[in-house]
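[1] A predicted structure for the sequence below; I have some questions about it.
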Amino acid sequence: MKLHKLVFILFLSVFALSASAQTANELKRKKEAIQREIEQLQKNLTKTTSGKKLTLQQINVINAQIRLRQDKIGTINSEIKNLDNQISQNTNTVHTLQGQLGDLKKEYAGMIRFAQRNRNSYDKMMFIFAAKDFNQAYKRIKYLQQFSQYRKKQAGYIENTQQDLNGKIRVLDRTLKEKSDLLKEQERERERLGKDKSQQSAVLNNLSKQERTFKQDIASKKKQQAQIDRAIRAAIQRAIDEARRKAAEEARIAAAKRAAEEKAAAEKARLENKPAPSVTKAPVVKEKTTSEVLTATPESARLSAGFESNRGRLPWPVATGSITETFGRHMVDQAPYTNDGVDITTSSGATVRAVFAGRVLAVQYIQGRGVVIIIHGEYITVYQNLRNVSVSTGSTVDTKQAIGIVANTGDDAILKFQIRRGQATLNPEAWISK
């Protein structure tokens with residue numbers, strides 16, 4: 001029973017540690033990915049701060065770097081908690097093994113004392129011949145054989161348990177060292193976060209010195225973006241109106257066909273001197289919603305369902321990059337503005353790719369920069385600020401297919417990316433892979 005208990009405890013320990021190892025690997029990969037983003041942003045920031053002019057992108061990069069640094073510290077905290085669980089489990093296992101080892105040694109010591117009392121052949125023979133009959137003598141012989149075998153097994157159990165104990169102690173020591181290293185890394189990241197926040201304060205203090213130039217920069221960008229947003233909404237609305245027109249035309253053709261069939265049936269009844277068939281009242285056709293219009297065909301319905309089922313798992317529109325401006329409302333120098341998508345800072349000359357299969361709804365060039373709009377049923381993705389475009393209106397694209405090259409905005413390559421459901425804007429961070 002003790003052996004079974006020991007095996008069961010070891011099984012649970014191995015299972016728990018296997019799950020912890022999987023979690024630890026996931027946290028490590030996440031931390032490494034965050035660090036790569038921080039390093040890329042730092043390169044961009046070093047490049048942009050070499051100029052004297054303060055830009056909105058410079059502020060966004062610093063804010064994104066602070067946000068990523070906080071995420072990394074949070075990930076390290078999760079790693080430490082995970083190691084604490086492992087340490088607790090390993091400590092419990094060590095105590096259990098030590099207890100089991102003590103019990104096994106006590107049992108083995110008792111067997112050794114018994115063996116000492118019956119150590120010579122004469123004692124064993126006397127023990128056998130002292131039996132009252134042959135059957136009892138046979139059982140005593142079997143007992144002595146089994147006792148010898150059991151003693152050897154107990155010695156093996158003690159040796160194996162000692163090895164397991166030594167192994168668990170080594171794992172425990174290694175885990176404690178990993179925790180110590182993580183605590184040091186956490187402290188370094190906190191220091192770097194403090195420096196990032198100091199840099200943020202310095203940049204914001206310099207803002208007042210370049211206030212006029214900075215405001216002009218923001219006003220210009222707002223004006224450009226407003227023009228692009230209007231063009232995007234207009235292109236989407238044209239697609240919705242066209243789909244609605246087709247739906248209305250199909251309904252009109254169906255109604256005309258039904259009326260012609262009823263007229264032919266009435267004429268046939270008149271020629272055959274039969275009562276005219278009753279005329280069915282045309283059903284009241286309700287105006288379809290935008291969602292119904294955009295998913296009217298089986299293909300568009302399939303694309304829409306596929307897009308929706310991949311929420312949180314869509315690939316990024318660029319292979320590497322960091323979100324330096326998030327979705328929604330922002331305040332810059334007391335002036336509010338809304339970002340209908342996210343700004344992704346990536347490497348110069350990065351390839352832009354479709355996040356899902358679909359059809360190119362429109363390709364436009366506004367102020368020398370390309371905008372690609374792709375429709376996926378009722379969902380629409382927008383890729384803005386392209387240096388050149390490699391697809392055309394009406395063409396079909398596959399997931400991760402290249403559609404163009406991102407353009408540089410100042411010193412940085414920035415892709416503005418949107419996801420819409422009809423005309424409604426959605427937060428891309430909820431849709432693309434983490």
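    Right, received. Where do you want to start? No experiment lies behind these values; they were computed from the predicted model shown.
[2] now do the helices in the stretch 51-200 of the chain.
    Listed in chain order, the helices of the stretch 51-200 of the chain (DSSP state H, counting those that start in this stretch) span 56-117, 121-129, 134-207.
[3] packing partners of the very next helix or strand once past the longest one?
    The one in question is helix 134-207. Using DSSP states H and E, the helix or strand that follows helix 134-207 in sequence is helix 211-271. Secondary-structure packing of helix 211-271 (3 or more C-beta pairs under 8 Å, 6 or more residues apart in numbering; DSSP states H and E): helix 56-117, helix 290-294, strand 335-339, strand 358-366, strand 369-376, strand 379-389. All C-beta spots, glycine's among them, are computed from the backbone N, C-alpha and C.
[4] could you redo the last one with a cut-off of 6 Å?
    helix 290-294, strand 358-366 (3 or more C-beta pairs under 6 Å, 6 or more residues apart in numbering; DSSP states H and E).
[5] ok, Glu107 - how many residues close by?
    Using other C-beta atoms under 10 Å, the number of residues around Glu107 comes to 16.
[6] I misspoke; the intended subject was Thr75.
    By other C-beta under 10 Å, 22 other residues sit near Thr75.
[7] could you report the pLDDT at it?
    According to the prediction, Thr75 has pLDDT 79.
[8] Gln418 now?
    Reported pLDDT for Gln418: 95.
[9] ok, now which ones touch Thr175?
    Leu83, Gln86, Ile87 (C-beta atoms under 6 Å, 6 or more residues apart in numbering).
[10] weakest of the helices of the stretch 51-200 of the chain by average pLDDT?
    Looking at those, the weakest mean confidence is helix 121-129, a mean of 56.
[11] on the three-state scheme, the residue lying closest to Lys434 once chain neighbours are set aside is what?
    With C-beta to C-beta, 6 or more residues apart in numbering as the criterion, Lys434 has its nearest non-adjacent residue at 7.2 Å, and that residue is Gly312. What DSSP: H, G, I helix; E, B strand; the rest coil gives for Gly312 is coil.
[12] hang on, the earlier thing: so which of the contacts of Thr175 is the most crowded?
    Most crowded among the contacts of Thr175, counting by other C-beta under 10 Å, is Gln86 at 23 neighbours.
[13] check the gap between it and Ile73 for me.
    Gln86 sits 20 Å away from Ile73, taking C-beta to C-beta, to the nearest Å as the criterion.
[14] what do you get for Ser395?
    For Ser395, the distance to Ile73 - C-beta to C-beta - is 45 Å.
[15] circling back to that earlier point, can you tell me which of the contacts of Thr175 is nearest Ile228?
    Leu83 (48.4 Å; C-beta to C-beta).
[16] next up, the contacts around the closest one.
    Thr175, Glu178, Lys179.
[17] so between Ser395 and Ile73, which is more surrounded?
    Comparing Ser395 with Ile73 by neighbour count (other C-beta under 10 Å), the higher total belongs to Ile73, at 19 against 13.
[18] sweet, I'm off.
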